[in-house]
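J.: Pasted the sequence and its predicted model underneath.
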Amino acid sequence: MSLIEKLTPEQEALIPVYREKWRAIALSTERIDREKAAKAVKFVYAAMREEDPEIIFVDSLYGAIKYVNQLDIPSGYK
């Protein structure tokens, strides 16, 4: 497999389109589809031949911080 060293003019012309697409996705405040997200995570774990992880959804970054802080994790890992 060889690496791409130069983009075609058509590919370069599409850079702003994809930049805007991924910017909109990154800044989106829409709720995720939890079922779809869990299915994707389980698919990846199955592909790695690993046991399904426990999947936990929280409503906000604050909720995630609260959840992580109540876990019994050694202080060097928080």
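T.: Cool, the structure landed.
J.: Number of residues surrounding residue 11?
T.: Look at residue 11: counted by other Cβ atoms under 10 Å, it has 11 neighbours. For the C-beta atoms, the positions are set from N, CA and C on the backbone; glycine is no exception.
J.: Now it: which helix or strand?
T.: helix 9-27 (DSSP states H and E).
J.: what about that helix, distance to the chain center?
T.: With Cα atoms, centre = their mean, to the nearest Å as the basis, helix 9-27 stands 18 Å off its chain's centre.
J.: Pull out the buried residues from the helix or strand following that helix.
T.: As assigned by DSSP H and E, the chain's next helix or strand after helix 9-27 is helix 34-47. By 16 or more other Cβ atoms under 10 Å, helix 34-47 has no buried positions at all.
J.: In contact with the residue nearest to the spatial centre of the chain, which residues?
T.: Nearest to the geometric centre of the chain sits residue 37, at 9.0 Å (Cα atoms, centre = their mean). Each residue near residue 37 by Cβ atoms under 8 Å, 6 or more residues apart in numbering is listed here: 55, 57.
J.: any idea how far residue 31 is from it?
T.: Computed as Cβ to Cβ, to the nearest Å, the residue 37 to residue 31 distance reads 10 Å.
J.: what do the two both touch?
T.: With Cβ under 8 Å, 6+ apart, residue 37 and residue 31 have no common neighbours.
J.: Skip the chain neighbours and tell me the closest residue to residue 53.
T.: With Cβ to Cβ, 6 or more residues apart in numbering as the criterion, residue 53 has its nearest non-adjacent residue at 6.2 Å, and that residue is residue 45.
J.: contacting residues for the one you found?
T.: Contacts of residue 45 (Cβ under 8 Å, 6+ apart): 51-53.
J.: and the one helix or strand in the chain whose mean pLDDT sits lowest, which residues are buried?
T.: In the chain, no helix or strand scores lower on mean pLDDT, DSSP states H and E than helix 61-69, which sits at a mean of 93. By 16+ other Cβ under 10 Å, helix 61-69 has no buried positions at all.
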